[in-house]
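S.K.: have a look at this prediction, sequence included:
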Amino acid sequence: MSQKYLNSQFYKTNRDRLRMLMEDDAIAVVFSNDMMPRNGDQYFPFRQNSDLLYLTGIDQEETVLLFFPDSPLEQFREVLFIRKTNEKIATWEGHKYTQEEAAKISGIKNVMWLESFQSVLKQASSLSSKFYLNKNEHPGAPENVESKQLREGKRIKEKYPFHQYYRLAPLMKELRLVKQQAEINTMQQACDITADAFKRVLKFVKPGLKESQVEAEITHEFLRSGAQGHAYAPIVASGKNATVLHYTANNQTINNGDLILFDIGCEYMNYASDMSRTIPVNGKFSARQKEVYNAVLRVFQQAKEMIKPGTSINQINNNVEQLLMEEHIKLGLYSRKDIQDNEKANELIKTYYPHGTSHFMGLDVHDVGTKYERLEAGMVLSCEPGIYIREENIGVRIENDILVTMEKPLDLMADVPITVDEIENFMNDAG
Ligand code: GLY
Ligand code: MN
Ligand code: MN
């Protein structure tokens with residue numbers, strides 16, 4: 001359980017904004033995530049549902065928000081249900097929120113124990129004909145495990161079959177896409193901690209270490225700085241491992257002469273950061289490594305400037321693919337003749353650059369929003385071109401987090417070593 005939250009006014013404002021998007025007289029019900037069983041009597045670490053965090057700030061399991069802003073009964077307009085604690089829970093798991101604490105964090109006056117949820121829902125349902133229910137609508141969302149919100153949503157539909165049902169996800173997407181100043185400040189803090197972890201490993205990496213030893217340094221820096229941990233499984237990939245996009249084993253020995261690719265980001269106050277850097281294990285890029293690195297860096301610098309109001313991730317992806325194709329040709333990966341037909345060009349570009357350039361960021365590292373959204377000031381996106389040459393054991397990705405503004409894009413990781421000289425100097429400077 002994180003002990004840090006934004007001001008209760010933030011959550012109150014978010015609920016007010018949600019109200020503006022909802023149908024009249026409708027009830028939205030938002031559930032916490034499940035505690036996911038691991039084995040025996042163990043659980044995986046709990047991560048709160050991001051929509052519930054956004055609307056209440058309550059980072060505790062077994063929490064439900066019932067939001068019925070037009071309720072004729074005032075006490076049903078906002079009701080927060082939390083887990084009722086007792087001596088046994090206090091002994092085994094520690095402190096859980098009191099009703100007063102949950103009210104103070106969320107700004108919701110009516111906080112009840114979870115056992116009252118069904119009866120309040122029943123009473124509220126008789127005063128309304130519409131429900132908003134939630135589902136993770138990320139296009140890549142895994143569907144093999146049913147989430148609590150889906151399970152409970154189905155139960156509500158079964159119990160109240162003649163109500164009208166609406167999707168909450170598009171509304172939450174609209175609200176969460178543009179970040180408020182408090183969120184931007186928090187994301188900047190997350191980025192700063194991630195930057196410090198990277199600087200720490202720049203001094204630490206040397207041939208002969210295990211990738212896991214480097215990962216431990218990163219985790220150490222995250223935790224000592226007040227982050228909750230990693231926002232996603234960290235990638236510490238040396239040599240050919242860097243060409244595996246989602247390499248997370250991080251268990252190989254780091255060899256002299258290889259590159260090492262980091263894709264790391266801490267989670268701070270439930271907000272994500274996401275950074276990639278590629279460095280030479282022995283502190284000096286070889287001529288070929290430098291060539292590939294600088295190709296990615298050139299594209300990164302151009303891509304960053306594309307993150308402006310009015311464009312879309314899809315457009316940025318397309319433009320960056322064209323830039324990378326030119327770099328591929330310069331690097332001798334294929335020739336202009338090889339890409340005469342579109343299908344072949346696409347295949348070759350994808351061989352050396354199989355992913356996209358940007359995704360939205362926020363409470364989730366891959367935050368709400370599709371690649372077709374029109375960018376607006378206040379959105380935060382990653383910028384992460386890369387080149388992966390399996391036959392040469394070279395994988396290079398460079399990734400910073402960028403805030404869209406009305407003026408120039410604002411790089412939240414602008415001060416992190418990024419050029420060949422900056423990286424080499426930082427690694428070799430005794431200070
Ligand atoms: N670390 C996940 C990503 O870069 O998208
Ligand atoms: Mn990343
Ligand atoms: Mn990313």
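M.R.: Done, it's in. Numbering: from 1, shown residues only. Ligands and ions are numbered 1, 2, ... in the order given.

S.K.: quick check: mean pLDDT of stretch 336-346?
M.R.: Mean pLDDT, stretch 336-346: 91.

S.K.: and what of stretch 162-178?
M.R.: pLDDT averaged over stretch 162-178 gives 98.

S.K.: just checking, residue 241 touches residue 252?
M.R.: Yes - the pair residue 241 and residue 252 passes the contact test of CB atoms under 8 Å, sitting 6.1 Å apart. (Each C-beta comes from the backbone N, C-alpha and C, glycine too.)

S.K.: out of the two, which sits in the busier spot?
M.R.: residue 241 (23 against 17; other CB atoms under 10 Å).

S.K.: any idea how far that one lies from ligand 1?
M.R.: From residue 241 across to ligand 1, the span is 15 Å (CB to the nearest ligand atom, to the nearest Å).

S.K.: can you tell me the helix or strand for the nearest residue to that residue once chain neighbours are set aside?
M.R.: The shortest distance from residue 241 to any non-neighbouring residue, by CB to CB, 6 or more residues apart in numbering, is to residue 247 (4.7 Å). Using DSSP states H and E, residue 247 sits within no helix or strand.

S.K.: now do the shared contacts for residue 241 and residue 252.
M.R.: Both residue 241 and residue 252 are contacted by residue 211, under the criterion CB atoms under 8 Å, 6 or more residues apart in numbering.

S.K.: need the contact list for the residue nearest to the spatial centre of the chain.
M.R.: Nearest to the geometric centre of the chain sits residue 365, at 0.9 Å (CA atoms, centre = their mean). Contacts for residue 365 (CB under 8 Å, 6+ apart) come out as 231-232, 265, 272, 274, 359.

S.K.: contacts with ligand 2 among these, please.
M.R.: The residues of the contacts of residue 365 that also fall near ligand 2, by CB under 5 Å from the ion, are residue 274.

S.K.: what does this protein put close to ligand 1?
M.R.: Applying CB under 6 Å from any ligand atom, one finds that the chain approaches ligand 1 through 232, 263, 274, 359, 365, 382, 384, 399.

S.K.: can you rerun that using 8 Å?
M.R.: Within the chain, the residues that sit near ligand 1 (CB under 8 Å from any ligand atom) are 231-232, 235, 263-265, 274, 276, 355, 359, 365-366, 382, 384, 397, 399.

S.K.: restricted to buried residues, select these in PyMOL.
M.R.: This is the PyMOL syntax for the buried subset of the residues of the chain next to ligand 1, where burial follows 16 or more other CB atoms under 10 Å:
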select buried, resi 231+232+235+263+264+265+274+276+359+365+366+382+384+397+399
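
S.K.: narrow the residues of the chain next to ligand 1 to those in strands?
M.R.: 235, 263-264, 276, 382, 397 (DSSP state E).

S.K.: identify the farthest-apart pair in the residues you listed.
M.R.: The span of those, defined through CB to CB, is set by 235 and 382 at 13.7 Å.

S.K.: tell me how many other residues crowd the residue nearest to residue 241.
M.R.: Residue 247 has 20 neighbouring residues, counting by other CB under 10 Å.

S.K.: repeat that for the one 4 residues further on.
M.R.: Residue 251 has 11 neighbouring residues, counting by other CB under 10 Å.

S.K.: and for residue 188?
M.R.: Neighbour number of residue 188 under other CB under 10 Å is 18.

S.K.: local confidence estimate at the residue in the stretch 1-150 of the chain positioned nearest to ligand 1?
M.R.: Here the stretch 1-150 of the chain gets closest to ligand 1 at one residue, residue 140, 10.6 Å apart by CB to the nearest ligand atom. Per-residue confidence (pLDDT) for residue 140: 90.

S.K.: thought residue 403 was touching residue 184?
M.R.: Yes - the pair residue 403 / residue 184 is scored as a contact, 6.2 Å apart, by CB under 8 Å.

S.K.: quickly list what's touching both of these two.
M.R.: In contact with both residue 403 and residue 184: 378, 380, using CB under 8 Å, 6+ apart.

S.K.: pLDDT weak spots in the chain?
M.R.: For the chain, applying pLDDT under 70 flags the ranges 1-3, 430-431.

S.K.: that one: helices as residue ranges?
M.R.: Here the chain has its helices, by DSSP state H, at 8-21, 50-56, 87-92, 99-106, 117-125, 148-159, 169-177, 181-204, 211-224, 287-305, 313-330, 342-352, 420-428.

S.K.: which among these is found nearest to residue 408?
M.R.: Closest approach to residue 408 among these (CB to CB): helix 287-305, 7.7 Å.

S.K.: pull out the buried residues from the closest one.
M.R.: 289, 292-293, 295-300, 303-304.

S.K.: returning to that earlier point: adding distance to residue 259, write the helices of the chain out as CSV.
M.R.: Converted to CSV, the helices of the chain look like this (distance: least, CB to CB, whole Å):
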stretch, distance to residue 259
helix 8-21, 41
helix 50-56, 34
helix 87-92, 46
helix 99-106, 45
helix 117-125, 53
helix 148-159, 41
helix 169-177, 35
helix 181-204, 13
helix 211-224, 12
helix 287-305, 6
helix 313-330, 17
helix 342-352, 15
helix 420-428, 11
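
S.K.: residues from the stretch 201-350 of the chain in reach of ligand 3?
M.R.: Residues of the stretch 201-350 of the chain found near ligand 3 (CB under 5 Å from the ion) are residue 274.

S.K.: cutoff 8 Å now
M.R.: Within the stretch 201-350 of the chain, the residues that sit near ligand 3 (CB under 8 Å from the ion) are 263, 265, 274, 276.

S.K.: appreciated, that's everything.
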